[in-house]
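Colleague: How does the following fold in three dimensions:
(2 chains)
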Amino acid sequence: MKRRLFTFKRLLLCLVILAVIAGCTVRIVHLNTIFPNTEVRQYGLNESFVWNDFEVTAKGCRLLTVPEIKEYIEGFDVTYVDDQGKDMDERILLAELEVKNISEEETYFSAGSCGLRSGAYTQGLSMDYYVNFNSEQSDAYYLSVAPGESTTVYLPYHLFRTQFSQSAWEKLDNRTFEIVFSLYPVKHVVTLT
Amino acid sequence: MCYNETKVKWMYMRKREVGSLKGILRTELKRAFHNKYLLFALIIGFAISVWQTVEHVIPLLQYQTTDIAMLKGAMPHTVFNKWMGGHSYFLQTTLYYIIVPLLATIPFGASFYQDRRSGYLKNIFTRTDKKKYYRSKYTAVFLSGGFVGVAPLLFNFLTTALLLPLIYPEVTAGTFVVHEQELFATLYYTNPYLYLLFYLVMDFVFFGILATIALAVGQYVNNYFVVLLTPFLFYVLFMFLSTMLGFGMLNMTAFLQPAAGSRTTLWAICIEAVVLAVIAGVLFFIKRKEDVY
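Modeller: Below you'll find the model as predicted:
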């Protein structure tokens, strides 16, 4: 009798454990059906895609050194210094985009939401440089584009040596950089290099 | 405190296994995993895990919308940056990774000291080979330490997965804290499950090794609390010294956390694990020859 009760208790425990496991599995599957993994859409240079009422085409990309930047922007002299006051090694990744407003009303192009990534490295848009590189625009911060019109936007990203290992910094020119536009549920990724 | 040696005795051994390595190992594993101290350590670990979920995960549910259009391209909260190991800024994560050597030692770390002090060793050595007992003890302590350290982390990941989706991390989202120059950072974004598995295995090994430090100390010291606290004190001292002397890459408190931003290398971790295991192992096994009854 005692043995039977013991077996019954064990069986009951097993059933409870199985029920808990089944319940958890159902919950996890249900949750991940509502929020599926991100759908990644990958594009290359000169490939167009639609993002936030704009047809976006990446036209080119360059990795500039500080002297090259100064050549690009006359009289521009921004120097970043580290904690000890020394100049930081820096490069600028400059992406050239052509954006066309395909909606029927004037729309703002939100360049600030375009993030740069390369492996586990990420960098946001450098606003100092952004205004300078897009000085032809009347208001680069709030870049508005009329319906049906297209314009060229330069997206500069500031890369610092301290953000990379020595070997990674030396191989920067061979590295693959991407710009990520929206994050979820569809991720638009443009491979630049 | 004792490990109920009167109850355990040889009850778990089959007749033909008495004295064999398998039989002793079976007994030691039963003693390690069927004791109230293991339960106590697990309860503390699970309590921290539940605390983290209640404080950092459950409040996020009020912002969770089933209408994906409402997100406007932003990423919903995901398990990978909200579970206990997904962010080093959670108080619970810091607390857990500070006290984990203590939790790993509580269940069975001081059992050798207990066996030695209570005379249980004499009984064992009259029946079986010392080598087998020592090996079994080392294995049982290592496994119980690793299990107690990793189980609350796994539990926390699973409970978080019940509440938040398993969407892969995206570095440009700015809400994930694994970055360039950190160990296997790219793997975190391409295959977070593999990354997680690597860290759980590594944590298991280190927590197991830390528990075995108590074994080694138990050979030389005659105070239960010193035996129990030595792995913890060593861990904390090592954390301070490695950071102060500029060897941050060897700081276990940092590199054992999946998202603590430790700039370490696989080589440094492997060498540290081997050195610690060898020192603890040698100190434990070398005294074996002196145990004559």
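Colleague: Residue ranges in chain A under the pLDDT threshold?
Modeller: Within chain A, the stretches with pLDDT under 70 are A:1, A:75-88, A:138-141.
Colleague: Enumerate the residues of it near chain B.
Modeller: When proximity is defined by Cβ under 8 Å from any Cβ of the partner chain, chain A lies next to chain B at A:24, A:27-28, A:31-32, A:34-35, A:37-38, A:52, A:113, A:115-117, A:119-122, A:124, A:163-165, A:168, A:180, A:182-185, A:187. The C-beta positions use only the backbone N, C-alpha and C, and glycine is treated the same way.
Colleague: Give me the buried entries from those.
Modeller: Neighbour counting with 16 or more other Cβ atoms under 10 Å in any protein chain shown marks A:28, A:31-32, A:35, A:38, A:52, A:113, A:115-117, A:119-122, A:163-164, A:168, A:180, A:182-185, A:187 as buried within the residues of chain A next to chain B.
Colleague: Residue 176: what's it in contact with?
Modeller: This is for chain A. Going by Cβ atoms under 8 Å, 6 or more residues apart in numbering or on different chains, residue A:176 touches A:118, A:191, A:192, A:193.
Colleague: switch to chain B, that's the one I care about
Modeller: Counting by Cβ under 8 Å, 6+ apart, residue B:176 touches B:80, B:81, B:86, B:169, B:170, B:188, B:189, B:259.
Colleague: Reformat those residues as TSV; add distance to residue B:281.
Modeller: Below are the contacts of residue B:176 laid out as TSV (distance: Cβ to Cβ, whole Å):
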residue	distance to residue B:281
B:80	36
B:81	37
B:86	33
B:169	37
B:170	43
B:188	32
B:189	37
B:259	31
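Colleague: if we can go back for a sec, and the buried ones among the residues of chain A next to chain B, which of them are in strands?
Modeller: Judged by DSSP state E, the subset of those located in strands is A:115, A:116, A:117, A:121, A:122, A:180, A:187.
Colleague: Stretch A:33-52: end-to-end distance?
Modeller: One end of stretch A:33-52 sits 25 Å from the other (Cα to Cα, to the nearest Å).
Colleague: go on, stretch A:179-193?
Modeller: Per Cα to Cα, the first residue of stretch A:179-193 is 10 Å away from its last.
Colleague: before we move on, what about stretch B:172-191?
Modeller: Using Cα to Cα, one end of stretch B:172-191 lies 16 Å from the other.
Colleague: what helices or strands is the longest helix seen in chain A leaning on?
Modeller: Longest helix in chain A, counting residues (DSSP state H): helix A:2-34. Helices and strands touching helix A:2-34, as assessed by 3 or more Cβ pairs under 8 Å, 6 or more residues apart in numbering or on different chains; DSSP states H and E, comprise helix B:130-163.
Colleague: Could you check the angle the longest helix of chain A makes with helix B:130-163?
Modeller: With axes from the mean of the first three to the mean of the last three Cα atoms, to 10 degrees applied, the angle from helix A:2-34 to helix B:130-163 works out at 50 degrees.
Colleague: What residues of helix A:2-34 count as buried?
Modeller: In terms of neighbour count (16+ other Cβ under 10 Å), helix A:2-34 has its buried residues at A:28, A:31, A:32.
Colleague: show me what contacts the first one?
Modeller: Taking Cβ under 8 Å, 6+ apart as the definition of contact, the neighbours of residue A:28 are B:161, B:162, B:166.
Colleague: what's the neighbour count on the second one?
Modeller: Other residues near residue B:162 number 14, with proximity taken as other Cβ atoms under 10 Å in any protein chain shown.
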